[in-house]
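[1] Sequence and predicted structure below; questions after.
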Number of protein chains: 2
Amino acid sequence: MTEVTRTEESTPLKIRAFEELSDLLRARFTTNEILRQQHANTIAWATNQPPEAVAYPENEDEVVAIVRICSAAGLPIIPFGTGSSFEGQTNAPFGGVSIDTSRMKRIIAVHDDDMDCVVEPGVTRKELNEYLRDKGLFFPIDPGADASIGGMVATRASGTNAVRYGTMRESVLSLRVVLPNSDVVRTGSRAKKSSAGFDLTRLFVGSEGILGVVTEITLKLHGIAQAISAGICPFPTVKAACDAAIMTIQSGIPIARIELMDEMQIKACNIYSKLNLPEQPMLFVEFQGTENGVIEQAELFGEIVTEVGGGPFEWATAAEDRSRLWVARHDAFWACNTLRPGAKTVATDVCVPLSRLAECVEATQRDIRETGLIATIAGHVGDGNFHVVPLVDMDNPAEIEAIEGFLHRLVERALLMEGTCSGEHGIGQMKRKYMRAEHGDAAIRLMHALKAAVDPQSIMNPGKLLPPL
Amino acid sequence: MTEVTRTEESTPLKIRAFEELSDLLRARFTTNEILRQQHANTIAWATNQPPEAVAYPENEDEVVAIVRICSAAGLPIIPFGTGSSFEGQTNAPFGGVSIDTSRMKRIIAVHDDDMDCVVEPGVTRKELNEYLRDKGLFFPIDPGADASIGGMVATRASGTNAVRYGTMRESVLSLRVVLPNSDVVRTGSRAKKSSAGFDLTRLFVGSEGILGVVTEITLKLHGIAQAISAGICPFPTVKAACDAAIMTIQSGIPIARIELMDEMQIKACNIYSKLNLPEQPMLFVEFQGTENGVIEQAELFGEIVTEVGGGPFEWATAAEDRSRLWVARHDAFWACNTLRPGAKTVATDVCVPLSRLAECVEATQRDIRETGLIATIAGHVGDGNFHVVPLVDMDNPAEIEAIEGFLHRLVERALLMEGTCSGEHGIGQMKRKYMRAEHGDAAIRLMHALKAAVDPQSIMNPGKLLPPL
């Protein structure tokens, strides 16, 4: 595979392509610099690398037309949802056109009886849940940010509910995707399972826009539980909290959320969300089920807490109390800045087998101390997945180098423990360098072969996910 | 893609390849005719098309060597587990070498804490569960036959437990696969989730051996529930039974199994399993959970049964009573023959959205009557998936033609209802002709492009899964 190279030069081919896009989309095609910058990375600590133009299609036909025009001119295409990805997935290192899906917001169908829905990629998860609320249904995947469904497909997003409801991998029934050759592929049906050929759906979920542009998503939904209760619990050590999480999963308690925040993350949340929690490692948990089931779950969890020396475990069923706690958890990332105003937050995540979680988190905390960093840890510990958010002074090269060493060791540690370099943020630009260590040369060759088969020109989101061959 | 063509001729290349395989495997390489026939289709109503030779590797290195030798000679490779697939997946229409994995039966690791295990492909699901029993863990995927885990990966198998535990799609954490170019790829880690690149695991799950030979599987396991109870319930109509299934799923009852058998299937089971059930549509159900949870589930289910006019609902927690019922359910396929001794059983399945299930089953029953067939229906109705087993006199061409028309209408009906031509049996040889109608031309082109990228010579299980381009 040869990668396209960036050129800001206005070649005749590019000029014609831009004219065609302009004719097609009118005001919905722009080369405005501020808009271009807003469509490149703004959250990751990657440099902002804006596309050369931004297109705002309103339907699949327009996406096909855009892809056809870009493909004829060899112009890179960068699909864009809300820009909340953490690893530089929306940057345009080789220029090209960002396809902003924010005007593709139709909720095409909700099938109450089948508990599924069909949406366009620009619908955000909160918009969808707002729409579904009256129907007693909800879409559980919750990565924190109000990401677009299309973006969540692209990064194989998950989040706090994944321990119970799975990730986007398990939530997508089918997709419509525009391929680089402008073919439109439907990847599945509305049947809950199928053995009819290759799993094209899963090929695209997590492919970060390097194989095609998603134009429609059929999602599994779930019924809103009869009863929900939430609780918080401090622990003397991170290990005790992780042990409680492991025992909870192993004992088969169908816990809906089980979230770790370390002492530093609690400190940040106390400041940001005006809480008064003890600055100790804590678990935030949520139980869903029948009235009796929720009580049974909470009691079983309480026994585990006692067994590992944690507590007191406090739980609440009142919606406003639950909500206040979970708002704090959701704001955890934004809270980090309070620990070091002006610094850049470097959000990263790894995921390891559950049995190695406590060891991995503790070793990471030691590394934070020894490297002299300010960093928080929060995690979806029921899955063995945790986030580390170091705060970096981007004007201090020595500090940047220290952070890079730390991130490298974090990934190395996760891989040595049979884990993965990214549980849910994806690879983007920032973690390409770890792909070979994680997957091995043969798997990387295979991924390149698949990519070349679908996108021989390499115009789809170049410079992301795959390391150079 | 050009397909290899069958030749039984002994070309110099083939003679040398067979000599090399013989040197490598000694008595574990054979061209014995009876063994060859046993390694082709024996269950589906496809013709038996034996491979030219059978190889019995004992480890991954030997698989790599076999693939290298076959690839150099352009010889087809057909991976073989236990031969229990229904759609002719093990036939060798273009000759070649069957790779029988029955000597690759190591259970490499069981990680109790992480609830996963690592096995070789020849381990069968019953062997695995036998091994796990003392650990309080089990592997839930249960397609009926005592299939090999490798074969279950290949067909994306599911079965009675899928409504609760998912299918092989959700059960495989990682694979090791030998590619046609003899690269060995590890497709994932032991982390429960990952966003690190393409989902190679799901690319191979369900690919029916047309992309590579699976040599190792890492599987998710589950804890054996504290309490299990089973029940049976007759209904006045298939529609009432399906409605009960739909309402059960919608109300969020975490039912472990919910199986429909129509009146004809019950009749067969009564004869074969010496039961005395009313010859009416029935649901067989199983609840798993805590002692209280199981009672709560059964009570809720009982209310639903009453609401749709079914009953009496009888349930039992004694292991022997449960076991007797489920043995009858598992033997349902073998029981069909009692309805027409000497006839061939044509096992097929489709899967539709839950809301269309009753309509699809009833229309299929009408079609059975109108076509004048003897056929049973049994299904994993919590997933919208059901089996139809017509009994055919293979010496009667008019009857074969009638069956072919019936099967065609069955698939057409499922596709019109936004379903799939195969819920769990796979495509093999027999359903290739429906692939284009289900997926559309663009998706078929994409599948061919992926296949060609991985297997440019088209030596991996040719003539399966993909329709001609």
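    Arrived safely. Predicted, not measured: the structure shown is a model, and the values here were computed from it.
[2] Next, see if stretch A:428-437 gets close to chain B.
    Yes - residues of stretch A:428-437 are located near chain B by Cβ under 8 Å from any Cβ of the partner chain, namely A:431, A:434, A:435. C-beta coordinates here come from the backbone N, C-alpha and C atoms, glycine included.
[3] same check, this time on stretch A:53-66
    No - Stretch A:53-66 does not reach chain B (Cβ under 8 Å from any Cβ); its nearest approach is 11.2 Å.
[4] tell me the helices in the stretch 151-300 of chain A, going along the chain?
    Secondary structure of the stretch 151-300 of chain A, counting by DSSP state H, counting those that start in this stretch: helices at A:162-165, A:168-171, A:200-204, A:238-250, A:263-272, A:291-307.
[5] Follow the chain on from the last one and name the next helix or strand.
    Following helix A:291-307 in sequence order, the next helix or strand is strand A:314-316 (DSSP states H and E).
[6] Adjacent strands (with direction) for that next one?
    strand A:227-234 (antiparallel) (DSSP bridges).
[7] and the strand it pairs with, average pLDDT?
    If you average the pLDDT over strand A:227-234, you get 92.
[8] Run through who's touching that strand.
    A:244, A:256, A:277-278, A:280-291, A:293-294, A:298, A:301, A:305, A:310-317, A:321-322, A:325-326 (Cβ atoms under 8 Å, 6 or more residues apart in numbering or on different chains).
[9] hmm, stretch A:393-407 touching chain B?
    No - judged by Cβ under 8 Å from any Cβ, stretch A:393-407 and chain B are separated, with a smallest distance of 14.4 Å.
[10] For that stretch, output the C-alpha coordinates as PDB.
    What follows is stretch A:393-407, C-alpha atoms only, in PDB (Å, rounded to 0.1, in the frame of the first residue of the first chain):
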ATOM      1  CA  ASP A 393       2.600  21.200  30.100                       C
ATOM      2  CA  MET A 394       2.900  21.200  26.400                       C
ATOM      3  CA  ASP A 395       5.600  23.900  26.500                       C
ATOM      4  CA  ASN A 396       7.900  21.600  28.400                       C
ATOM      5  CA  PRO A 397       9.800  19.200  26.100                       C
ATOM      6  CA  ALA A 398      11.300  17.200  29.000                       C
ATOM      7  CA  GLU A 399       7.800  16.700  30.400                       C
ATOM      8  CA  ILE A 400       6.500  15.600  27.000                       C
ATOM      9  CA  GLU A 401       9.300  13.100  26.700                       C
ATOM     10  CA  ALA A 402       8.500  11.800  30.200                       C
ATOM     11  CA  ILE A 403       4.900  11.400  29.300                       C
ATOM     12  CA  GLU A 404       5.800   9.500  26.100                       C
ATOM     13  CA  GLY A 405       7.900   7.100  28.100                       C
ATOM     14  CA  PHE A 406       5.100   6.600  30.600                       C
ATOM     15  CA  LEU A 407       2.500   5.900  27.800                       C
END
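[11] just to revisit the earlier point, hmm, which of the contacts of strand A:227-234 are the buried ones?
    Among these, those scoring as buried are A:244, A:256, A:277, A:280-290, A:293-294, A:298, A:301, A:305, A:310, A:313, A:315, A:317, A:322, A:325-326 (criterion: 16 or more other Cβ atoms under 10 Å in any protein chain shown).
[12] For the residue in the stretch 201-350 of chain A that chain B sits nearest to, grab the count of nearby residues.
    Using Cβ to the nearest Cβ, the closest approach of the stretch 201-350 of chain A to chain B is made by residue A:202 at 3.5 Å. Using other Cβ atoms under 10 Å in any protein chain shown, residue A:202 has 26 other residues around it.
[13] Contact partners for the nearest residue to it once chain neighbours are set aside?
    Of all residues not flanking residue A:202 in the chain, residue B:202 sits nearest, at 3.5 Å (Cβ to Cβ, 6 or more residues apart in numbering or on different chains). Neighbouring residues of residue B:202 by Cβ under 8 Å, 6+ apart: A:169, A:199, A:202, A:203, B:169.
[14] redo that, cut-off 7 Å
    Counting by Cβ atoms under 7 Å, 6 or more residues apart in numbering or on different chains, residue B:202 makes contact with A:199, A:202, B:169.
[15] Quick check: pLDDT value at it.
    Residue B:202 is given a pLDDT of 98.
[16] show me the contacts for the residue sitting nearest the centre point of chain A.
    Nearest residue to the geometric centre of chain A (Cα atoms, centre = their mean): residue A:157, 3.7 Å. Residue A:157 sits next to A:141, A:143, A:147, A:167, A:168, A:424 when contact means Cβ under 7 Å, 6+ apart.
[17] Give me the neighbour count for residue A:338.
    Residue A:338: 15 neighbours (other Cβ under 10 Å).
[18] which SS class is it?
    Secondary structure, DSSP: H, G, I helix; E, B strand; the rest coil: residue A:338 is helix.
[19] Relative to residue A:265, how far out is the residue nearest to it when sequence neighbours are not counted?
    The shortest distance from residue A:338 to any non-neighbouring residue, by Cβ to Cβ, 6+ apart, is to residue A:271 (4.4 Å). Plainly put, residue A:271 is 11 Å away from residue A:265 if you go by Cβ to Cβ, to the nearest Å.
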